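A.B. asks: Sequence plus the predicted model coming up.
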Amino acid sequence: MRKNIARRLFAITTLALSLVVTVAYAQTYSDLYNFGDASGDPLSPQYSGIVAQGRDGNLYSTTPAGGSAGLGTMFKITAQGTVNVLYNFDGTHGKFPYGGLTLGMDGNFYGTTSAGGSTNLGVVFQITPAGVLTVLHTFASGDGYSPYAPPIQGVDGNFYGTTIFGGASAYGTVYKMTPTGTLTVLHSFDLANGRNPFGPLVQGNDGNFYGTAYSGLGNNKYGMVFKVTGNGTFTILHAFNLTDGANPYAGLVLGKDGNFYGTTFNGGTVGDGNVFKITPAGTLTALHSFTPASDGGTPYGGLVQATDGNFYGVGYLGGTSNHGTIFRITPSGTFSVRHSFDGTSGGSPMITPMQHTTGILYGDTNTGGTHNTGTFYNLKASLAPYAALLPASGKVGKVIGILGQGFNSATGVSFNGTTAQFKVSADTYLTATVPAGATTGLVTVAIPSGNLKSNRTFRVTPVLKSFTPPSGTVGTPVTITGVSLTQTSKVTFGGVKATTVVVNSDTQVTANVPNGAKTGKIAISTPGGTATSSTVFTVTP
């Protein structure tokens, strides 16, 4: 499915001759490691190749080539560039791991292979930071096969992912998997609703999962953005029309504004891809169309939102030397190139960059370097350090993990200003308990060198315990008890919004039964989510 590279390079060269290129270099780019320097090295990282930060502060990923059997590796690289191959894929336990890794809440990593296993259709695996691998699920054609992305872990603790083939119609699936490996197909693509979801999923603030499909049939032939619930309800949010983009390889990133941002491999003004924004309701805005000679283009990778609020990504081709670029784009669409690869120090980047909690951006390239088998690089862009949350939502009493640095000197942790109990496990990892009275907002770790704030809002999930009376007429005041109710923004009776709501405390809300209320459950909504009663309120005449 990859484009004809010779044709692309010819077009880029032609454009380069007619354009005066101005590139903004305000960053420091460094190659940390040349893949192939040692026997059995990781080689030629490819999409999606997600790089994950471990609890120890090191970086972990996979390559579909290299290793002792030539079938791919799982490797660790330090911030200084020391590479260790922790696992060599052997075919029996999977081969060709394109996806990269997801850090689980348990401290282990989770990923997929596109082939291998007992069926040769790929596996989902768990691997420890020491390199001990366990196959959790082996794909059969009915539940999908050839996954190109790692699963993500939802706030419920289960894993959610995609396969590019298989399922009921052979065009790929969305799946849910328990931590022990029990897999359920949530959706099978059938051409009419898309095909070949290469990218990973992302969980939205509403708890649903969002992703992209590369192509499809009819109105969906250029690919799409979709939403799927945890029980498998599937919705097409937007079908690309070539002008606003086409054929997304990459998944989406959840922005701090609650919208999603992503890239398309094709389409746009020139035909070399777009950067776009899309709301959870499906309103899409094209932010930038790539012009290869000046911008780079044909991005396989997606975007990362850094601590400056801007998004960073890579173009596979183009730039001043036709070997790809690292770019920055603001949420409103102001675009600039931060680095052009030259093919010597790195070239043809395919994976989404990641921001380490130190603030530094990291990634790798598919080609270039000493052996033309790729490099691992960093980009120092004067970005602030931060604290990473695992997970970024939960109820009072939940213990969450926090990644960062300098934690051996930590003096406190707070959730939107409310002090929490915490336990330091390492200088780069601690755990904290969501405290009573916490509200949705940023998490702060106090350290002498400068407080670390989370790069994402932590959403405190409300709990609805009881209500009284159990029934009443329109206008009846109902006392609702629960936890984390301070930020209540809406109360509904059978789906009908109450117009009179009083927040009495963090554990109590009073709402009057509204006109038009229906017998049904009571629900309370806050910025942290929605809590629904276990019993029904009866509206009496």
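C.D. replies: Sure thing, it's come through. As the structure is a prediction and not an experimental result, all values here were calculated from the model.

A.B. asks: how about the closest residue to residue 194 other than its chain neighbours, what does it touch?
C.D. replies: Nearest residue to residue 194, sequence neighbours excluded (C-beta to C-beta, 6 or more residues apart in numbering): residue 213, at 3.2 Å. C-beta coordinates here come from the backbone N, C-alpha and C atoms, glycine included. Going by C-beta atoms under 8 Å, 6 or more residues apart in numbering, residue 213 touches 172, 189, 193-197, 220, 223-224, 226, 248.

A.B. asks: got it, and residue 502?
C.D. replies: Per C-beta under 8 Å, 6+ apart, neighbours of residue 502: 509-511.

A.B. asks: Read off the pLDDT value for the residue nearest to residue 194.
C.D. replies: With respect to pLDDT, residue 213 scores 98.

A.B. asks: can you check residue 7 too?
C.D. replies: 37.

A.B. asks: shift numbering so it begins at 16
C.D. replies: Happy to do that; since the first residue is 16 now, the last one works out to residue 22.

A.B. asks: still on that earlier bit, which residues does the residue nearest to residue 209 bridge with?
C.D. replies: residue 239 (DSSP bridges).

A.B. asks: swap in residue 224?
C.D. replies: residue 218, residue 243.

A.B. asks: Which of the contacts of residue 517 sits closest to residue 267?
C.D. replies: residue 524 (34.0 Å; C-beta to C-beta).

A.B. asks: Give me the distance between the closest one and residue 555.
C.D. replies: 21 Å (C-beta to C-beta, to the nearest Å).

A.B. asks: Residue 107 too?
C.D. replies: Distance from residue 107 to residue 555, by C-beta to C-beta: 66 Å.

A.B. asks: Farthest pair within the contacts of residue 228?
C.D. replies: Every pair of these checked by C-beta to C-beta; the farthest is 208 and 263, at 15.0 Å.

A.B. asks: coming back round to it: could you check the distance from the residue nearest to residue 209 over to residue 303?
C.D. replies: Distance from residue 228 to residue 303, by C-beta to C-beta: 22 Å.

A.B. asks: which stretches of the stretch 166-315 of the chain have low pLDDT?
C.D. replies: Within the stretch 166-315 of the chain, the set of residues satisfying pLDDT under 70 is empty.

A.B. asks: tell me the contacts of the closest residue to residue 96 other than its chain neighbours?
C.D. replies: Nearest in space to residue 96, with sequence neighbours left out and distances taken as C-beta to C-beta, 6+ apart, is residue 47 at 3.4 Å. Counting by C-beta under 8 Å, 6+ apart, residue 47 touches 92, 95-96, 390-393.

A.B. asks: how about the residues you listed, which pair is most distant?
C.D. replies: 95 and 390 (14.7 Å).

A.B. asks: residue contacts, the closest residue to residue 227 other than its chain neighbours?
C.D. replies: The shortest distance from residue 227 to any non-neighbouring residue, by C-beta to C-beta, 6+ apart, is to residue 263 (4.0 Å). By C-beta under 8 Å, 6+ apart, residue 263 lies in contact with 214, 227-229, 238, 240, 255, 277-280.

A.B. asks: For residue 95 and residue 390, indicate the residue with more neighbours.
C.D. replies: Per other C-beta atoms under 10 Å, whichever of residue 95 and residue 390 has more neighbours is residue 390, with 29 against 7.

A.B. asks: okay, which residue is most central for this protein?
C.D. replies: By C-alpha atoms, centre = their mean, the mean C-alpha position of the chain lies nearest to residue 217, the distance being 4.7 Å.

A.B. asks: Distance check, it against residue 407.
C.D. replies: In terms of C-beta to C-beta, residue 217 sits 12 Å off from residue 407.

A.B. asks: And the strands in the stretch 66-215 of the chain, which stretches?
C.D. replies: 67-68, 74-78, 80-81, 88-92, 98-103, 117-118, 124-128, 138-142, 148-153, 167-168, 174-178, 188-192, 198-203 (DSSP state E, counting those that start in this stretch).

A.B. asks: what's next to stretch 430-450, contact-wise?
C.D. replies: 70-72, 372, 409-423, 425, 427-429, 452-458, 460, 473, 475.

A.B. asks: List buried residues within the residues you listed.
C.D. replies: Burial by neighbour count, judged by 16 or more other C-beta atoms under 10 Å, picks out 70-72, 372, 409-411, 415-422, 425, 428-429, 452-458, 460, 473, 475 from those.

A.B. asks: Among the contacts of residue 263, which one lies nearest to residue 346?
C.D. replies: residue 277 (12.9 Å).

A.B. asks: How about the contacts made by the residue lying closest to that closest one once chain neighbours are set aside?
C.D. replies: Leaving aside its sequence neighbours, residue 277 sits nearest to residue 267 (C-beta to C-beta, 6+ apart; 4.5 Å). Contact partners of residue 267, counting by C-beta under 8 Å, 6+ apart, are 214, 217, 225-227, 240, 275-277, 293, 317.

A.B. asks: For those, please prepare JSON lines with the additional fields distance to residue 147.
C.D. replies: Output for those, formatted as JSON lines (distance: C-beta to C-beta, whole Å):
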{"residue": "214", "distance to residue 147": "28"}
{"residue": "217", "distance to residue 147": "28"}
{"residue": "225", "distance to residue 147": "32"}
{"residue": "226", "distance to residue 147": "30"}
{"residue": "227", "distance to residue 147": "33"}
{"residue": "240", "distance to residue 147": "37"}
{"residue": "275", "distance to residue 147": "35"}
{"residue": "276", "distance to residue 147": "36"}
{"residue": "277", "distance to residue 147": "34"}
{"residue": "293", "distance to residue 147": "39"}
{"residue": "317", "distance to residue 147": "30"}
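
A.B. asks: By neighbours, which of those residues wins?
C.D. replies: residue 227 leads the contacts of residue 267 on contacts (other C-beta under 10 Å) with 32 neighbours.

A.B. asks: Compare residue 524 and residue 555 (neighbour count), which wins?
C.D. replies: Shown here are residue 524 and residue 555; by other C-beta under 10 Å, residue 524 has more neighbours (25 against 11).

A.B. asks: isn't that one right up against residue 499?
C.D. replies: No: counting by C-beta atoms under 8 Å, residue 524 stays clear of residue 499, with 11.0 Å between them.

A.B. asks: how far away is residue 321 from residue 120?
C.D. replies: 23 Å.

A.B. asks: Same drill for these two, tell me which one is more crowded.
C.D. replies: residue 321 (21 against 14).

A.B. asks: what sits against that one?
C.D. replies: Neighbours of residue 321 in contact, by C-beta under 8 Å, 6+ apart: 327, 370, 374, 376, 396, 398.

A.B. asks: likewise residue 508?
C.D. replies: 493, 526, 528-529, 532-533, 535, 537, 552, 554.

A.B. asks: OK, contacts around residue 77?
C.D. replies: 57, 64, 87-90, 112-116, 126.

A.B. asks: Grab the nearest non-local neighbour of it.
C.D. replies: Closest to residue 77 by C-beta to C-beta, 6+ apart is residue 112, at 4.0 Å.

A.B. asks: so what's that neighbour scoring on pLDDT?
C.D. replies: 98.

A.B. asks: Please report how far it lies from residue 121.
C.D. replies: Taken as C-beta to C-beta, the span from residue 112 to residue 121 is 20 Å.

A.B. asks: need the contacts of residue 47 in JSON lines with pLDDT and distance to residue 198, can you?
C.D. replies: Listed next are the contacts of residue 47 as JSON lines, based on pLDDT from 0 to 100; distance: C-beta to C-beta, whole Å:
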{"residue": "92", "pLDDT": "98", "distance to residue 198": "31"}
{"residue": "95", "pLDDT": "94", "distance to residue 198": "39"}
{"residue": "96", "pLDDT": "97", "distance to residue 198": "37"}
{"residue": "390", "pLDDT": "98", "distance to residue 198": "36"}
{"residue": "391", "pLDDT": "98", "distance to residue 198": "32"}
{"residue": "392", "pLDDT": "98", "distance to residue 198": "35"}
{"residue": "393", "pLDDT": "98", "distance to residue 198": "36"}
